[in-house]
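Novice: Below are the sequence and a predicted model for it; my questions follow.
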Amino acid sequence: EVRVALATTNTPITANNFIALARWGYYDGTTWFRTDPSIDIIQGGAPNTESPADPGPGYTIPDEPAFDEVDGQLIGPYRYEPGQLVMARARGRNSSSAQYFFSAGANTALLNGQGTYVVFGQTDDVGLAVLQAVLGLHEPGGPFGGAPSRTVTVNSVRIETA
C-alpha cells in the first residue's frame, strides 16, 4: 500500500484529474509497467496498452506552475525528491492526461533541469519503502528501458477525504 497526500491546493487541476480517474476506476487493475533506476522512477497509469504511448482517457490537462508550499509564491520549475507522485506527459506542453510516475530515489533530481512534470502528491516513509522495493525489481530491456521483473498490479486507487 502506498498512501499519498495530494497537493490539491497547489495543483488543483492535476489532483482533481487524478481523483476523477481514480473514482471512475480508471487505474484499478493496471500495472506499473516501467521502472528506471537511472532516474529512480516507477511509471503507471496506462490501462489500455501498458505503455508510455497509451492514448489515455481521450483528453489532456494543462500544466500547472510550481508554487512554494509556505507562501504560495511562484518558484519556477519543479524539483524532484523521493516519494513524490508526478504526472507524466508527452513531449509537448499541456500534454498530461492519466499516466503518472513515482519518484523512488535521489536520482529523480536528474529531471530538475526539465522541471516540467507536475508534482501533485507525496507519500510517507512507508510508501517510499514500497516504491523502493518495486524499483529493486527492475530488469533492463524492452522498449522503455526496463520494467519490474514480475507484474506489479495496482489493485485499486481509493480516494479518502479528511
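Specialist: Looks like it came in fine.

Novice: Report pLDDT for P12.
Specialist: As summarised for this prediction, P12 has a pLDDT of 96.

Novice: For the residue nearest to it when sequence neighbours are not counted, which residues are in contact?
Specialist: The shortest distance from P12 to any residue that is not its chain neighbour, by Cβ to Cβ, 6 or more residues apart in numbering, is 7.7 Å, and that residue is E64. Glycine gets a C-beta too; all of them are placed from N, C-alpha and C. With contacts defined as Cβ atoms under 8 Å, 6 or more residues apart in numbering, E64 is in contact with 10-14, 118, 120.

Novice: Please apply the same query to T11.
Specialist: Neighbouring residues of T11 by Cβ under 8 Å, 6+ apart: 64, 118-120.

Novice: Report the separation between it and L21.
Specialist: 15 Å (Cβ to Cβ, to the nearest Å).

Novice: returning to that earlier point: let me know the closest of the contacts of T11 to D28.
Specialist: When those are compared for distance to D28, the smallest value, 19.3 Å, is given by F120; criterion: Cβ to Cβ.

Novice: continuing past the host helix or strand of the closest one, what's the next helix or strand?
Specialist: Under the criterion DSSP states H and E, the helix or strand holding F120 is strand 119-123. Moving toward the C-terminus from strand 119-123, the first helix or strand encountered (DSSP H and E) is helix 125-135.

Novice: OK, contacts around the closest residue to D124 other than its chain neighbours?
Specialist: With Cβ to Cβ, 6+ apart as the measure, R3 is the residue that lies nearest to D124, at 6.5 Å, once sequence neighbours are left out. Taking Cβ under 8 Å, 6+ apart as the contact definition, R3 lies against 123-124, 126-127.

Novice: Format those residues as TSV; extra columns: neighbour count.
Specialist: Compiled in TSV, the contacts of R3 are given as follows (neighbours: other Cβ atoms under 10 Å):
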residue	neighbour count
T123	22
D124	12
V126	10
G127	20
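
Novice: Turn the residues you listed into TSV, including pLDDT and distance to E160.
Specialist: As requested, those are arranged in TSV below (pLDDT from 0 to 100; distance: Cβ to Cβ, whole Å):
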residue	pLDDT	distance to E160
T123	97	14
D124	96	14
V126	96	15
G127	96	14
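
Novice: Farthest-apart pair in the residues you listed, please.
Specialist: Going by Cβ to Cβ, the pair spanning those furthest: T123 and V126, at 7.8 Å.

Novice: Within the helices and strands, which one has I19?
Specialist: In the assignment (DSSP H and E), I19 maps to helix 12-24.
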